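A.B. asks: Provided below for reference: sequence and predicted model.
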Amino acid sequence: MAASGTPSERVQVTFLGTSSGVPTRSRNVSAVAVRPPQRAELWLFDCGEGTQHQFLRSDLRVSQLRRIFITHMHGDHVFGLPGLLASLGMAGTCSGLDLHGPRPLEAFVLGALEHSSTRIGYPLRFHAVEEAARRGSPVLQDGDLTVTCAPLRHRIPAFGYRVQQAERPGRFDPEAARALGLTPGPLFARLKAGETVQLDDGRRIDGRRLCGAPQPGLSMAYCTDTVFSESAVGLARGVDLLIHEATFSHADAELAFQRQHSTSTMAAQTAAEAGAARLLLTHLSPRYAPGNGTTPEDLLAEARAIFPATDLARDLLAIDLLPGACNSS
C-alpha cells in the first residue's frame, strides 16, 4: 500500500540488537530505538551490552536519547546501560533521561554508577512500571503519544510495551474551503487542525466539517521476553507493528516452555490473535545461526505459515511506520 503520510509523520524504528542471551558475529543483544513522529528525540527499548557501539554503527544520534524503557532485568537487556549513561555524561550534551522499567532498575543503575565512581552530570528520573501494569493505566502520556505496559510470562517479572499515537484529524479538503470563499494560508492550517475559526464577516467555520473522518494514530508493541501470553495479545491488539521475540523454533517448543521464551509460531499466533498489521521477529537464539541445521529463515517460514505478514529483524534494520504504510530499509 502506498504511503499517505509525510516523513515528519513517521515513527522510525531501528533495531540495534536482535540476538538472545549473548551477541553473535552478526547480531548484538536486545535494543530497539524509536523516533516518535515530528520530534528530534529518541526512545530506547532495552539496552543490552554494546548498545552504544550499535548507535555508532547506525544513523542515529545518541545525544537525542530522551527515554529508556526496560522490559526486565536480565543482563542481555540492561548490561549496556551503565556504559551508555557514562558516555552521555562525558559528552556533556544530555539534559536528562527518563528511565521506565521494573522497580530494581533504579538500584542497578545507581549502584553501577556509584561503584564505578561515575559522575554523569545530568539528572536521571526513574519510573517503576509495576503499578501502571497492575492498574492498566498509562506508563507515560506525552503529547499525542501514550505508552502502556502489561506483564508478560517469563522467569522473572517482565513487561511488554505499547506506543500509541492519538487519532489524527481527517484529510483536509482545500476545494471545499475555497468554495466558502477562503484563501490558502494560516487559516487553512487552523481549519486543517479541526479548529473553529471566526471570519471578519462574522461567519464561524468549523474545521472538522472540512476534514474527512479522523484517522487512527500509529501504534507499535514490543514484547520480549515471554512465552505465549494472552497479555501480549491484548497489548498488541490492532497495532501497525508488533515486535515479538522468537527465541526458539517450533521444534524446540519444550525448551521454550522450560525457559519461558517464545517460539516462532507463538510469536505468529500472538500477531494473528491480536490482529496486528505486521510482525517482526527478534531475540533469536544463536543456535539458529546461518549454517546450522535450523536457520533464522526456517523460523521465518514457520511464522509465515501462521501469520504471512512476518519478517525477520536484523541489526540496523530501520522500519518507517507511516499512515497507510510500513516500509523498511
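C.D. replies: Arrived safely, thanks for sending. Computed from a prediction, not measured in an experiment: that's the story for all the values here.
A.B. asks: helices of the stretch 51-200 of the chain, residue ranges please.
C.D. replies: Remark: helices assigned in the stretch 51-200 of the chain by DSSP state H, counting those that start in this stretch are 51-57, 75-78, 81-91, 104-115, 130-135, 174-179, 186-192.
A.B. asks: go through those and pick out the most buried.
C.D. replies: helix 75-78 (a mean of 22; mean count of other CB atoms under 10 Å). (Glycine included, C-beta is placed from N, CA and C.)
A.B. asks: just the residues contacting that helix, thanks.
C.D. replies: Helix 75-78 is contacted by residues 19-22, 29-30, 46-49, 70-71, 105, 108, 224-225 when judged by CB atoms under 8 Å, 6 or more residues apart in numbering.
A.B. asks: pull out the buried members of those.
C.D. replies: 19-21, 29-30, 46-49, 70-71, 105, 108, 224-225 (16 or more other CB atoms under 10 Å).
A.B. asks: the residues you listed in strands, which ones?
C.D. replies: Using DSSP state E, no member of those falls within strands.
A.B. asks: low-confidence ranges in the stretch 201-329 of the chain?
C.D. replies: 324-329 (pLDDT under 70).
A.B. asks: could you pull out the strands in it for me?
C.D. replies: 204-206, 219-223, 241-245, 279-282, 310-312, 318-322, 325-328 (DSSP state E, counting those that start in this stretch).
A.B. asks: starting from the second one, tell me which strands it pairs with and how they run.
C.D. replies: Using DSSP bridges, the neighbouring strands of strand 219-223 in the sheet come out as strand 159-165 (antiparallel), strand 241-245 (parallel).
A.B. asks: residue farthest from the centroid of the protein?
C.D. replies: For the chain, the largest distance from the centre (CA atoms, centre = their mean) belongs to D201, which lies 47.9 Å off.
A.B. asks: so who does S58 touch?
C.D. replies: Applying CB under 8 Å, 6+ apart, the residues near S58 are T14, L16, A33, L316.
A.B. asks: before we move on, the earlier item: do you know how far the residue farthest from the centre of the chain is from E167?
C.D. replies: Here the distance between D201 and E167 works out to 32 Å (CB to CB, to the nearest Å).
A.B. asks: tell me, how many residues neighbour T183?
C.D. replies: 8 (other CB atoms under 10 Å).
A.B. asks: over to E195?
C.D. replies: 14.
A.B. asks: equivalent analysis for the one 4 residues further on, please.
C.D. replies: Using other CB under 10 Å, the number of residues around L199 comes to 12.
A.B. asks: just use 649 as the starting number from now, easier for me
C.D. replies: With 649 as the first residue, the last one maps to L847.
A.B. asks: does L839 touch L847 like I think?
C.D. replies: No. Shown here, L839 and L847 do not form a contact pair, counting by CB atoms under 8 Å, at 10.9 Å.
A.B. asks: what touches both of the two?
C.D. replies: Residues touching both L839 and L847 (CB under 8 Å, 6+ apart): L830, I853.
A.B. asks: distance check, M868 against P684.
C.D. replies: For M868, the distance to P684 - CB to CB - is 11 Å.
A.B. asks: more neighbours, those two?
C.D. replies: Under the criterion of other CB under 10 Å, the comparison of M868 against P684 puts M868 first, with 27 against 21.
A.B. asks: how close does that one get to V887?
C.D. replies: According to CB to CB, M868 stands 6 Å off from V887.
A.B. asks: overlap in contacts, the two.
C.D. replies: With CB under 8 Å, 6+ apart, M868 and V887 have common neighbours R810.
A.B. asks: find residues that contact each of M868 and P684.
C.D. replies: Common neighbours of M868 and P684 (CB under 8 Å, 6+ apart) are V659, V811.
A.B. asks: before we move on, back to that, who wins on neighbours among the contacts of S706?
C.D. replies: Going by other CB under 10 Å, L664 tops those with 28 neighbours.
A.B. asks: quick check, that residue in a strand?
C.D. replies: Yes. Counting by DSSP: H, G, I helix; E, B strand; the rest coil, L664 is found in a strand.
A.B. asks: correct me if wrong: it contacts H701.
C.D. replies: No. If you go by CB under 8 Å, L664 and H701 don't touch, sitting 9.1 Å apart.
A.B. asks: mutual contacts of these two, please.
C.D. replies: What both L664 and H701 touch, as defined by CB under 8 Å, 6+ apart, is the set N676.
A.B. asks: wait, doesn't P971 sit right on S867?
C.D. replies: No. If you go by CB under 8 Å, P971 and S867 don't touch, sitting 11.4 Å apart.
A.B. asks: with mean neighbour count added, can I get the strands paired with strand 867-871 in JSON lines?
C.D. replies: What follows is the strands paired with strand 867-871, written out as JSON lines (neighbours: other CB atoms under 10 Å):
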{"stretch": "strand 807-813", "mean neighbour count": "25"}
{"stretch": "strand 889-893", "mean neighbour count": "29"}
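A.B. asks: dump those to TSV, plus distance to D946.
C.D. replies: Converted to TSV, the strands paired with strand 867-871 look like this (distance: least, CB to CB, whole Å):
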stretch	distance to D946
strand 807-813	25
strand 889-893	16
